[in-house]
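J.: fold the stuff below for me.
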Amino acid sequence: MPAQLAIVAALPREIAALVRGSSPDREMLRRGVQLYRLRGAVVVAAGMGAERATLAVQAALAAAEIDGLLSVGLAGACSTAIVAGDLAEASVVIDSRTGERFAAESAQSCVLVTSDAIAGVQEKARLAATYGAALVDMEAATVARLALVKGLRFRAVKAVSDAHDFELASLARFSAKQGSFRTGAFALHTALRPQSWAKAAQLGRDSSRALAALTTRLREIIADHAAGLS
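T.: As a prediction, the model looks like this:
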């Protein structure tokens, strides 16, 4: 069997449309990892953050012969040039904890910085000023580091959920221990605070639009990979 592409996400929502109609690996599911085998790709979501991204990559490498790692999912904009609801592909990924820089395969010029928490407006501004960041996420640097160690190709394609000046202060508190996002708790919290309804609705719309575009792009990437074009 030809080598597969490993698509690594954080949240199940980020890959739901891509894997619709497929069943996750039952053994991996017991470990809190959603792993799907598609034609030409292994798709994994194991949660937010470095530890869960490492687990996702390890699961993908154990599932098939892999020749490339693709970090995908939602990211926040740090630049006015990046529009919420759009897609962006990183050319450089930087780990904000260590300062390490990783090259990514991309025709665009776009700096993605990986942070260890969901970034608010002040943190986005700091990352833009310090690193020239256009985007911020929580997993790409870990995936990039593992790709480098394993000698694999690396790309990062992100769905932009929020603009550089978007702030919803309650988001970070709903990150759970195993890298999940407590959607139900967040929904209840928001429902009790009418002043946050408009922003929560905007985040939902922009995220959904961006993830729809991401799904289309990933299907194209998988097809190109199977044809030997990427």
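J.: what average pLDDT does stretch 202-213 get?
T.: Along stretch 202-213, the predicted confidence averages to a pLDDT of 89.
J.: for Asp162, what are its contacts?
T.: Each residue near Asp162 by C-beta atoms under 8 Å, 6 or more residues apart in numbering is listed here: 76-77, 84, 168, 203, 206-207. For every residue, glycine as well, the C-beta is placed using N, CA and C.
J.: list the helices and strands the longest helix seen in the chain packs on?
T.: For the chain, the longest helix by residue count, based on DSSP state H, is helix 197-226. Helices and strands in packing contact with helix 197-226 are listed as strand 4-9, helix 12-15, strand 66-77, strand 87-89, strand 153-162; criterion 3 or more C-beta pairs under 8 Å, 6 or more residues apart in numbering; DSSP states H and E.
J.: hey, which of the ones you listed is tucked in deepest?
T.: Each of these was given a mean neighbour count from mean count of other C-beta atoms under 10 Å, and the largest, a mean of 27, is that of strand 4-9.
J.: where in the chain is pLDDT low?
T.: Residue ranges of the chain with pLDDT under 70: 1, 167-193, 195-201, 229-230.
J.: quick one, what contacts the residue nearest the centre of it?
T.: The central residue of the chain, meaning the one whose C-alpha is nearest the mean C-alpha position (C-alpha atoms, centre = their mean), is Gly73 at 2.7 Å. For Gly73, the contact set (C-beta under 8 Å, 6+ apart) comprises 9-11, 14, 137, 139, 158-159, 214.
J.: would you turn those into TSV with distance to Thr54?
T.: Conversion of the contacts of Gly73 to TSV gives the following (distance: C-beta to C-beta, whole Å):
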residue	distance to Thr54
Ala9	14
Ala10	12
Leu11	16
Glu14	17
Asp137	15
Glu139	9
Lys158	19
Ala159	22
Leu214	22
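J.: wait, doesn't Leu18 sit right on Arg219?
T.: Yes: judged on C-beta atoms under 8 Å, Leu18 makes contact with Arg219 at a distance of 7.1 Å.
J.: comparing these two, which shows the higher neighbour count?
T.: Per other C-beta atoms under 10 Å, whichever of Leu18 and Arg219 has more neighbours is Leu18, with 21 against 14.
J.: distance-wise, check the more buried one relative to Leu38.
T.: Look at Leu18 and Leu38: by C-beta to C-beta, to the nearest Å, they are 8 Å apart.
J.: returning to that earlier point: could you work out the most separated pair of the contacts of Gly73?
T.: Put simply, by C-beta to C-beta the two of the contacts of Gly73 set farthest apart are Glu139 and Leu214, 14.3 Å from each other.
J.: of those two, who's got more company?
T.: Each of Glu139 and Leu214 has its neighbours counted (other C-beta under 10 Å); Glu139 has more, 29 against 24.
J.: residues near the closest residue to the more buried one other than its chain neighbours, how many?
T.: The spatial neighbour of Glu139 that comes closest, neighbours along the chain excluded (C-beta to C-beta, 6 or more residues apart in numbering), is Ala53 at 4.0 Å. Here the count is done by other C-beta under 10 Å, and Ala53 has 30 residues near it.
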